[in-house]
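Chemist: predicted model and sequence follow; I will ask about them next.
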Amino acid sequence: MLTRRSLIRMMAATAVVPATLEGFAAVKNTRLLIGTGTGGRSKSKGIYVADWDVATGTLGEMKLAAEVESPTWIALDKHQKHLFAISEVKKGMVTSYAVGKGAGITLTHVNEQPAEGSGPAHVAVNHDGRSLFVANYGGGSLTSYAVDQAGSISATVSHFQYAPVDALPEHAHPHAHEATPSPDGNWLLVNDLGSDRIMVYKIDKKTGTLTPNTPAFWQGRQKSGPRHLTFHPNGKWGYNVNELDSTVDHLAWDKHAGTLTTVGGFISTLEPDFPKDTAFCSEIVASKDGRFLYVGNRRNETIAKLDVDKKTGAVKLDQVIAHGGKTARHITLDPTEKFLLVACQDSGAVSVMARDASTGKLTGPGKLFPIDSPQCLVFAS
């Protein structure tokens, strides 16, 4: 007999169904975009896309989404309407694609512009999607562009050519490695491995024009090699990973003055007994809750997990674990943060490592999914 209580139970159960189905749809429609190196021994041809199963941490078939020369770094805008890719070649380029979604992700070419420098290594789009920034590693320079609503990249708006800062052999060549917009999109921070500096620029959001800040840079330790930077979710702390000495700097960020200040000492990302100057960090990422940082250790072939003090932002090394591949060029957390993915450039695979959300610890080595020369991993929903 249908009673008022049983009817309420039935209605509650029925109400759950749409959310459950929506959850399954979200799992089915989560995808990974992969930027690769092309040419030489690599058989990759450009940007690939694969379905991502968040329940099992499994990648589906890697399908070519756009044929382009060595798109070793790719970036989606906030609303995932456009994707931007650099071509890391002597005559560097940056290309825009319109992102189509349905049964799968499609990339439609919009336009391209010269990077104004050789060997671009990084591209970033500002949070409002209206400006774009390219760091040229080989050419040691930085270029900015405006982006219109159709995703078209303008001609060069600002360009800065860096020069040696002193007579040290390590500073003989500038190497701009990453361009990172601040959390509010008002500033751009540019890691120059060739000067041990992070340059700071004010962004004109309407035009993409960059103006050097005063002071113009944060000075790192000599021969450290600032490579990449990530912000803590609170927007007050920055964490800089150094390629040459495999360390992480804790930095305080002043969003009003546009300045970085070193806080405390630096932390190694390696085991104490690993031979000095034989490993080279790549990427650094922070968990959404701000409790953990992860760093890729190339040559050491590990991932370092660091704990973040919630009150002070100080970091300490907690885990160093093998990822199962060779040369961790890039790492990222999946949207659920149940897994960490590693682009194993020289072993030709994406490694997937399980992650414990409560402790931040990783399980490895990871499951390997083959693809030639993977170098950048970006999730799309």
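Modeler: Everything's here; your move.
Chemist: okay, stretch 198-206 in CSV with CA atoms only?
Modeler: C-alpha atoms of stretch 198-206 as CSV (Å, rounded to 0.1, in the frame of the first residue of the first chain):
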residue,chain,number,x,y,z
ILE,A,198,61.3,36.3,-12.5
MET,A,199,60.3,39.4,-14.5
VAL,A,200,57.1,41.3,-13.5
TYR,A,201,54.9,43.3,-15.9
LYS,A,202,51.7,45.2,-15.6
ILE,A,203,49.1,44.0,-18.0
ASP,A,204,46.7,46.4,-19.8
LYS,A,205,43.7,44.1,-20.0
LYS,A,206,42.1,46.0,-22.9
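Chemist: residues in contact with that stretch?
Modeler: 126, 128, 130-131, 142, 144, 158, 160, 162, 181, 185-192, 209-213, 215-218, 220, 226, 229, 240, 258-260 (CB atoms under 8 Å, 6 or more residues apart in numbering). Every C-beta, even on glycine, is put in place using the N, C-alpha and C of the backbone.
Chemist: now it: average pLDDT?
Modeler: Stretch 198-206 carries an average pLDDT of 97.
Chemist: same deal with stretch 178-187?
Modeler: On average, stretch 178-187 scores 98.
Chemist: what are the buried residues along that stretch?
Modeler: Buried residues in stretch 178-187, counted by 16 or more other CB atoms under 10 Å: 178-183, 185-187.
Chemist: can you tell me which of those residues lies nearest to Gly117?
Modeler: Nearest to Gly117 among those is Ala179, at 12.1 Å by CB to CB.
Chemist: distance check, that closest one against Asp372.
Modeler: In this view, Ala179 and Asp372 are 27 Å apart by CB to CB, to the nearest Å.
Chemist: any idea of the pLDDT on the closest residue in space to Thr247 that isn't next to it in sequence?
Modeler: The shortest distance from Thr247 to any non-neighbouring residue, by CB to CB, 6 or more residues apart in numbering, is to Phe266 (4.4 Å). pLDDT, Phe266: 97.
Chemist: tell me where this structure has helices.
Modeler: Secondary structure of the chain (DSSP state H): helices at 4-28.
Chemist: how about low-confidence regions in this protein?
Modeler: 1-28 (pLDDT under 70).
Chemist: try 90 this time
Modeler: 1-29, 102-104, 168-170, 276-277, 381 (pLDDT under 90).
Chemist: how about Leu210: which residues does it bridge to?
Modeler: Here Leu210 sits in beta bridges with Ile203, as judged by DSSP bridges.
Chemist: that one against Leu188, yeah?
Modeler: Yes - Leu210 is in contact with Leu188 according to CB atoms under 8 Å; the separation is 6.1 Å.
Chemist: joint contacts of these two?
Modeler: 133, 144, 201, 203.
Chemist: most neighbours, which of those?
Modeler: Counting neighbours by other CB atoms under 10 Å, the top entry in these is Phe133, with 29 neighbours.
Chemist: quick check: closest non-adjacent residue to it.
Modeler: Using CB to CB, 6+ apart, the closest residue to Phe133 is Ala179 (4.0 Å).
Chemist: just list whatever residues bridge to the one you found.
Modeler: Beta-bridge partners, per DSSP bridges, of Ala179: Val190.
Chemist: please report how far it lies from Leu210.
Modeler: For Ala179, the distance to Leu210 - CB to CB - is 10 Å.
Chemist: overlap in contacts of the two?
Modeler: 133, 142, 188.
Chemist: what's the closest of these to Phe84?
Modeler: Using CB to CB, the shared contacts of Ala179 and Leu210 come closest to Phe84 at Phe133, 9.8 Å.
Chemist: the closest one against Ser141, yeah?
Modeler: No - counting by CB under 8 Å, Phe133 does not reach Ser141; the two are 11.4 Å apart.
Chemist: neighbours of Pro169, how many?
Modeler: Residues near Pro169, counting by other CB under 10 Å: 8.
Chemist: how close does it sit to Thr332?
Modeler: Counting by CB to CB, the gap from Pro169 to Thr332 is 34 Å.
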